[in-house]
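Enquirer: structure of the sequence below:
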Amino acid sequence: QVQLVESGGGLVPPGGSLRLSCTNSGGTFPSYGMAWFRQPPGKGRSGIAVIQWVDGDTYYADSVKGRFTISGDGAKNTLYLQMNSLQPEDTAVYYCAASTLGGPGFRWQYEHWGQGTQVTVSS
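Expert: Residues are numbered from 1 along each chain as shown. Model prediction:
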């Protein structure tokens with residue numbers, strides 16, 4: 001059974017860095033790609049970074065481009081998010097998700113989700 005588990009969240013001052021990890025504690029599965037989403041307090045969840053395993057192509061939301069880097073190992077269903085220059089507006093619960101079918105333009109359906117990890121950016 002697939003079970004994605006995020007880790008690495010916490011409290012960090014503005015300008016700081018964190019590295020989030022997402023691992024699969026269940027059986028591995030073929031995924032087309034994986035992504036990071038986040039949900040700020042009182043707001044909806046939105047995708048911020050996506051990676052496509054077949055060619056390593058990535059997509060970043062404008063809000064994190066140049067500050068965050070997504071990476072991972074598709075064969076192991078593991079995913080990372082290096083977050084630098086964190087700001088208070090980055091405060092959110094961060095989720096990883098996996099897509100088995102992918103699709104054009106990174107507009108994918110995600111069949112597997114983690115439970116989320118809290119990131120708080122505050123002095």
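Enquirer: residues in contact with the residue nearest to Ser25 when sequence neighbours are not counted?
Expert: Distance criterion CB to CB, 6 or more residues apart in numbering; nearest residue to Ser25, sequence neighbours excluded, is Gln3 at 4.6 Å. The C-beta positions use only the backbone N, C-alpha and C, and glycine is treated the same way. Applying CB atoms under 8 Å, 6 or more residues apart in numbering to Gln3 gives the contacts Asn24, Ser25, Gly26.
Enquirer: now, which of those residues sits nearest Trp113?
Expert: The nearest member of the contacts of Gln3 to Trp113, counting by CB to CB, is Asn24 at 11.7 Å.
Enquirer: and the nearest residue to the closest one once chain neighbours are set aside, how many neighbours does it have?
Expert: Distances taken as CB to CB, 6+ apart put Asn77 closest to Asn24, at 3.8 Å, once the chain neighbours are dropped. As a burial measure, Asn77 scores 24 neighbours (other CB atoms under 10 Å).
Enquirer: mind checking how far Asn77 is from Ser99?
Expert: 12 Å (CB to CB, to the nearest Å).
Enquirer: hey, what's in contact with both of the two?
Expert: Shared contacts of Asn77 and Ser99, defined by CB under 8 Å, 6+ apart, comprise Ser31, Met34.
Enquirer: so what's the closest residue to Pro40 other than its chain neighbours up against?
Expert: Nearest residue to Pro40, sequence neighbours excluded (CB to CB, 6+ apart): Ala92, at 4.3 Å. The neighbours of Ala92, taking CB under 8 Å, 6+ apart as the test, are Arg38, Gln39, Pro40, Pro41, Gln118, Val119.
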